[in-house]
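S.K.: have a look at this prediction, sequence included:
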Amino acid sequence: MSKKNQTLGEYIIEHQSSFKYSSGELSRLINSIRLAAKVVNHEVNKAGLVDIIGAIGDTNIQGEDQQKLDVYANDKFIQTLTNRNIICGIASEEEDDFISINSQDKNNQNKYVVLIDPLDGSSNIDVNVSVGTIFSIYRRVTPIGTPVTIDDFLQKGSEQVAAGYVVYGTSTMLVYTTGDGVNGFTLNPAIGTFYLSHPNLKFPKDGKIYSVNEGNYIHFPQGIKDYIKYCQMEQDDRPYTSRYIGSLVSDFHRNMIKGGIYLYPKSSKNNNGKLRLLYECNPMAFLAEQADGRATDGINRILDIIPTELHQRVPFVCGSKNMVDKVEEFMLNQN
């Protein structure tokens, strides 16, 4: 039985045997992510005091302006995961292609690949709004001891063995799952230790918060427009409250605790949506389902989508089960 205020290290050791692939490797991998998150957190908390905020002048593979902290966080996570010799490959939202790690070495028995969004919502750094890191972990599908290939990364979300996020806010939290529920750990900055603060996180089945960029309303499908109008209607327990931070980690985290729904649908401007399937939607969908929530593209379960490319985008609707069900109802009945 998990004990509140248990350290993350203690929790990992205590629950290692419940993981079906238990070998200690995944536990060391989670510990490495914890270490990198602490380093990035330290830098995020210095924003405004040192020259770490603002755009760096380059764009990433997504065509988005890279922030200085994007590059810093990306380098730190890749460096930490590479140096500790735990994984055989890593793919990042900030990199054009996946990175093979020591996989030419036939003695390399590492089984896991990591996909990561090093700093979600980084454009919010300049105005001191919460940002985060999102990570997804798979077992490789190609033979151990051979170089990783794109097939190791283009796996359905249902094949994830672990996923989670770190939110850098008023407090820093690491939230993750290995397929046995969702737990949140809060960093004590005085001693640099994460403690179990939010055991067995669950989405309420219903919520009163909807999170969507309503500035794009005119470009949304009719079903999404109808759902937004439904949220605003004064009837029963509505209208719902509109809350949109613009940082997926922050919006998701709030909705999981309070009950709500996050929507980033396709639009006439972005027919495939804007969020990345592998770095954002799959890990968040895995967490949502483990916390009794749901995640779809408006009609189809996110975790069932077969990826076709590393930086694939999909529409994303995620949150409290009954709220996601209602969106699907509107999408199926749209004119």
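M.R.: Nice, thanks for sending it over.

S.K.: report the central residue of this protein.
M.R.: In the chain, the centroid-proximal residue (CA atoms, centre = their mean) is I134; its distance is 3.6 Å.

S.K.: and the average pLDDT for the strand or helix carrying it is what?
M.R.: I134 is part of strand 131-139, with elements assigned from DSSP states H and E. With pLDDT averaged residue by residue, strand 131-139 scores 95.

S.K.: can you identify the element that follows it toward the C-terminus?
M.R.: strand 162-168.

S.K.: check which helices and strands that next one sits against.
M.R.: If contacts are counted by 3 or more CB pairs under 8 Å, 6 or more residues apart in numbering; DSSP states H and E, strand 162-168 sits against helix 25-44, strand 131-139, strand 172-177, helix 248-258, helix 282-290. The way it works is simple: take the backbone N, C-alpha and C, and place the C-beta from them, glycine included.

S.K.: and the angle from that strand to helix 248-258?
M.R.: 100 degrees (axes from the mean of the first three to the mean of the last three CA atoms, to 10 degrees).

S.K.: and the angle from strand 162-168 to strand 172-177?
M.R.: 170 degrees.

S.K.: can you list contacts of strand 162-168?
M.R.: With contacts defined as CB atoms under 8 Å, 6 or more residues apart in numbering, strand 162-168 is touched by 26, 29-30, 33, 37, 40-41, 44-45, 120, 130-137, 172-179, 249-250, 252-253, 282-284, 286-287.

S.K.: run through the bridge partners of the closest residue in space to P283 that isn't next to it in sequence.
M.R.: Here the nearest residue to P283 in space, its sequence neighbours aside, is A163; by CB to CB, 6 or more residues apart in numbering that works out to 3.6 Å. For A163, the beta-bridge partners are S136, T177 (DSSP bridges).

S.K.: give me the neighbour count for A163.
M.R.: When neighbours are defined as other CB atoms under 10 Å, A163 has 25 of them.

S.K.: look up how far L8 lies from it.
M.R.: 16 Å (CB to CB, to the nearest Å).

S.K.: how about A288?
M.R.: A288 is 21 Å from L8, by CB to CB.

S.K.: and those two? which has more neighbours close in?
M.R.: A288 (28 against 20).

S.K.: what's near enough to touch D251?
M.R.: Taking CB under 8 Å, 6+ apart as the definition, contacts of D251 comprise 211, 243-245, 262.

S.K.: and it, what pLDDT?
M.R.: For D251, pLDDT reads 96.

S.K.: how many residues are close by the nearest residue to it once chain neighbours are set aside?
M.R.: Excluding the flanking residues, the one nearest D251 by CB to CB, 6+ apart is S211, at 4.5 Å. Using other CB under 10 Å, S211 has 24 neighbouring residues.

S.K.: for the chain, give me the ranges with low pLDDT.
M.R.: 1-3, 17-23, 46-67, 103-108, 125, 335 (pLDDT under 70).

S.K.: check which residues of stretch 316-335 are buried.
M.R.: Neighbour-count burial for stretch 316-335 flags 316-321, 323-324, 326-328, 330-331 (criterion: 16 or more other CB atoms under 10 Å).

S.K.: repeat that for stretch 176-184.
M.R.: Those would be 176-178, 182-184, for stretch 176-184 by 16+ other CB under 10 Å.

S.K.: and the furthest pair within those?
M.R.: Greatest spatial distance in the buried residues of stretch 176-184: T178 and G184, 13.9 Å, computed using CB to CB.

S.K.: what's the domain layout of the protein?
M.R.: 8-198, 209-332 (automatic domain parsing).

S.K.: chain center to the first one: distance?
M.R.: Spelled out, it's domain 8-198. 10 Å (CA atoms, centre = their mean, to the nearest Å).

S.K.: what's the span of it, first residue to last?
M.R.: 12 Å (CA to CA, to the nearest Å).

S.K.: next one: S250 from I134, what distance?
M.R.: Counting by CB to CB, the gap from S250 to I134 is 11 Å.

S.K.: and the strands in the stretch 1-150 of the chain?
M.R.: 55-59, 65-67, 87-92, 99-100, 112-120, 131-139 (DSSP state E, counting those that start in this stretch).

S.K.: mind putting the ones you listed in a markdown table, distance to A295 included?
M.R.: Compiled in a markdown table, the strands of the stretch 1-150 of the chain are given as follows (distance: least, CB to CB, whole Å):
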| stretch | distance to A295 |
| --- | --- |
| strand 55-59 | 28 |
| strand 65-67 | 27 |
| strand 87-92 | 20 |
| strand 99-100 | 27 |
| strand 112-120 | 16 |
| strand 131-139 | 13 |
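
S.K.: which one of these lies nearest to Y230?
M.R.: strand 112-120 (28.2 Å).

S.K.: what helices and strands are in contact with the closest one?
M.R.: helix 25-44, helix 68-83, strand 87-92, strand 131-139.

S.K.: give me the three-state assignment for I299.
M.R.: coil (DSSP: H, G, I helix; E, B strand; the rest coil).

S.K.: what's the spacing between it and M233?
M.R.: For I299, the distance to M233 - CB to CB - is 23 Å.

S.K.: then V327?
M.R.: 15 Å.

S.K.: D75 too?
M.R.: 48 Å.

S.K.: more crowded one of those two?
M.R.: Neighbours were tallied for D75 and for M233 using other CB under 10 Å; the higher tally belongs to D75 (15 against 11).
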